[in-house]
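Enquirer: The sequence and its predicted three-dimensional model are supplied below.
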Amino acid sequence: MDQRPVEAFRNGHFAKVPLFFGSNTNEGARWSAELPDASANTSMPNATQTTVYNFLHGQYASFSRPSFDRAIAEFYPLSDYANFSLQGQQMYGEMRYICTAELITGSAFDHGVKAFQYHYDNPILGSNHAAELAGLFPTAPPADKEDGDLFAAMREYWTTFVGTESTSTTNLVTWKNSAVLVADPID
């Protein structure tokens with residue numbers, strides 16, 4: 001690779017194939033809880049704002065404390081979350097997965113590629129990273145009829161897209177090509 005992925009997508013240096021890409025509401029859940037290092041594990045009872053920074057800095061070595069402090073002040077004040085763990089989960093999920101989905105589908109659209117973006121939010125079964133895969137590759141029965149109907153619709157969207165490069169289905173949802181504006185990241 002002669003370019004970093006963000007620059008490559010912004011400059012149109014990627015395979016021009018139709019995209020169906022997305023993210024889940026709670027993409028950042030539980031990632032830091034698995035860390036043995038208490039100074040970066042935001043689920044520890046003694047977690048602080050510095051713990052959240054340590055976790056994110058461990059994922060992105062160039063992420064500076066001033067950028068982190070600005071993000072906290074402008075976008076992620078602790079008062080919006082019940083604790084440091086939820087604050088860190090939201091920040092990580094957006095940085096790692098949600099903004100990536102917007103960058104990729106937005107860049108595809110900007111370069112004339114057909115792109116569709118989904119957002120999975122299931123308050124019953126959960127919306128953590130990869131939770132939507134249960135609907136596409138079922139290993140157990142869904143929790144209830146509504147989830148069963150949702151999963152059937154999801155499989156129809158995916159298989160229709162693979163076969164026709166469209167999301168047209170018998171469902172009443174209208175999909176539009178992604179036209180996401182990708183803002184410049186904080187510092």
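Expert: That came through fine.

Enquirer: what's the strand or helix carrying residue 105 packed up against?
Expert: For residue 105, the host element (DSSP states H and E) is helix 99-110. Packing partners of helix 99-110 (3 or more C-beta pairs under 8 Å, 6 or more residues apart in numbering; DSSP states H and E): helix 5-11, strand 19-24, strand 115-120. Placement of C-beta: from N, CA and C, glycine included.

Enquirer: could you pull out the helices for the protein?
Expert: Listed in chain order, the helices of the chain (DSSP state H) span residues 5-11, 49-59, 65-74, 84-93, 99-110, 133-136, 145-164.

Enquirer: any chance of those in TSV, with mean neighbour count and distance to residue 42 too?
Expert: Formatted as TSV, the helices of the chain follow (neighbours: other C-beta atoms under 10 Å; distance: least, C-beta to C-beta, whole Å):
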stretch	mean neighbour count	distance to residue 42
helix 5-11	14	25
helix 49-59	19	5
helix 65-74	14	13
helix 84-93	22	4
helix 99-110	21	19
helix 133-136	16	25
helix 145-164	15	29
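
Enquirer: out of those helices, nearest to residue 30?
Expert: Set against residue 30 and scored by C-beta to C-beta, the helices of the chain come closest in helix 84-93, at 7.6 Å.

Enquirer: and the residue lying closest to residue 87 once chain neighbours are set aside, how many neighbours?
Expert: Distances taken as C-beta to C-beta, 6 or more residues apart in numbering put residue 81 closest to residue 87, at 4.1 Å, once the chain neighbours are dropped. Per other C-beta atoms under 10 Å, the neighbour tally for residue 81 reads 16.

Enquirer: rewinding a little: with residue 89 as the reference, name the closest of the helices and strands packed on helix 99-110.
Expert: strand 19-24 (11.8 Å).

Enquirer: Residues contacting that closest one, please?
Expert: 93, 97-98, 100-101, 104-105, 108, 113-121, 127-132, 157-158, 161, 167, 178 (C-beta atoms under 8 Å, 6 or more residues apart in numbering).

Enquirer: mean confidence score for that strand?
Expert: What strand 19-24 shows for mean pLDDT is 90.

Enquirer: What of stretch 109-121?
Expert: Rounded mean pLDDT across stretch 109-121 is 90.
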